[in-house]
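[1] Need the 3D shape of this:
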Amino acid sequence: MTNDGAASQGRTIPVTDLDDQPSSNVPTGEAPPNLLELALSDEELKTLCADRLCPSCTDKTVADDAKLRMLAEMDNYKKRLQREKDDFVKFANEKLVADLIPALDAMDLALMHGGKVAACKDVVMGVEMTRKMFLDILSQHGLCPVGAVGEEFTPERHEALGEEPREDMAPGLVCQLISRGYILKERLVRPAKVMVSGAK
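    Numbering: from 1, shown residues only. Model (predicted):
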């Protein structure tokens, strides 16, 4: 006889499922053919099910798969949150840096045009020193200038404004720097605007 909720009372289990159970669990007395009445606690019944039924139970397989998928999704979610947090901290200054780049452009222009006038020598020297101090401070926060004549053109760092036929350079190189680009901690803030050498 089966009596759910009473761990101390016996539970009816097909005798074919008990061939490896200790004989001490089998009470003496009469029993229906092919059935034995065992006094199993809930814990013993769970162990018996786990050993004999769960390995072939499709419901358990489905539940295990769902559990694994849920754990994998939770792990991916945690990793994504951590990446977003790291990126937020890493690039928190990106907007401030981007707003300061036009000031660097103005100093570059002053150096380019003022350097041709002898009377502006002292002013050019002051601008050059200011620009260097400015770049040193920004480099401490991860900003690096990109773009130089002679380097290979790469769309990831350069913006081509045109192609210029050149005999003194191989095709595909930066032959003129229009404005410098900048990278903040491996992220491109602004590409360098360049002219690219072509075959003549």
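[2] Show the low-confidence segments of this protein, by residue range.
    1-38, 53, 55 (pLDDT under 70).
[3] Just give me the longest helix of it.
    The single longest helix within the chain, with elements called by DSSP state H, is helix 58-90.
[4] If you count contacts, what does the helix or strand that that one is followed by end up packed against?
    Heading C-terminal from helix 58-90, the first helix or strand you meet, by DSSP states H and E, is helix 94-114. Helices and strands touching helix 94-114, by 3 or more CB pairs under 8 Å, 6 or more residues apart in numbering; DSSP states H and E, are helix 121-140, strand 181-184, strand 187-190. C-beta: built from backbone N, CA, C; applies to glycine.
[5] one more time with 6 Å
    Counting contacts by 3 or more CB pairs under 6 Å, 6 or more residues apart in numbering; DSSP states H and E, helix 94-114 is packed against helix 121-140, strand 181-184.
[6] Who are the packing partners of the next helix or strand after the longest one?
    Sequence order places strand 143-146 as the next helix or strand after helix 121-140, per DSSP H and E. Using 3+ CB pairs under 6 Å, 6+ apart as the contact criterion, the neighbours of strand 143-146 among helices and strands are strand 181-184.
[7] Residue 176 in helix, strand or coil?
    Using DSSP: H, G, I helix; E, B strand; the rest coil, the secondary structure recorded for residue 176 is strand.
[8] Tell me how far it lies from residue 195.
    Distance of residue 176 to residue 195, computed by CB to CB, to the nearest Å: 4 Å.
[9] And residue 173, by the same measure?
    Going from residue 173 to residue 195 by CB to CB gives 10 Å.
[10] again with residue 86
    Taken as CB to CB, the span from residue 86 to residue 195 is 37 Å.
[11] center of this structure - which residue?
    residue 83 (5.1 Å; CA atoms, centre = their mean).
[12] For that one, give me its contacts.
    Not one residue lies near residue 83 by CB atoms under 6 Å, 6 or more residues apart in numbering.
[13] circling back to that earlier point, residue 176 and residue 195: who's more crowded?
    residue 195 (19 against 14; other CB atoms under 10 Å).
[14] Verify the contact between that one and residue 160 for me.
    No. Taking contacts as CB atoms under 6 Å, residue 195 lies outside contact range of residue 160: 7.4 Å.
[15] Residue 65 - how many residues pack around it?
    Residue 65 - counted by other CB under 10 Å - has 10 other residues nearby.
[16] Residue 39 versus residue 48, what's the distance?
    On the measure of CB to CB, residue 48 and residue 39 end up 13 Å apart.
[17] wait, I meant residue 127
    Noted for residue 127: a distance of 96 Å to residue 39, by CB to CB.
[18] higher neighbour count, these two?
    Between residue 127 and residue 39, counted using other CB under 10 Å, residue 127 has the larger neighbour count: 19 against 13.
[19] The more buried one against residue 107, yeah?
    Yes. The pair residue 127 / residue 107 is scored as a contact, 5.4 Å apart, by CB under 6 Å.
[20] Quick check, residue 174 in contact with residue 193.
    No. Using CB under 6 Å, residue 174 makes no contact with residue 193, being 10.2 Å away.
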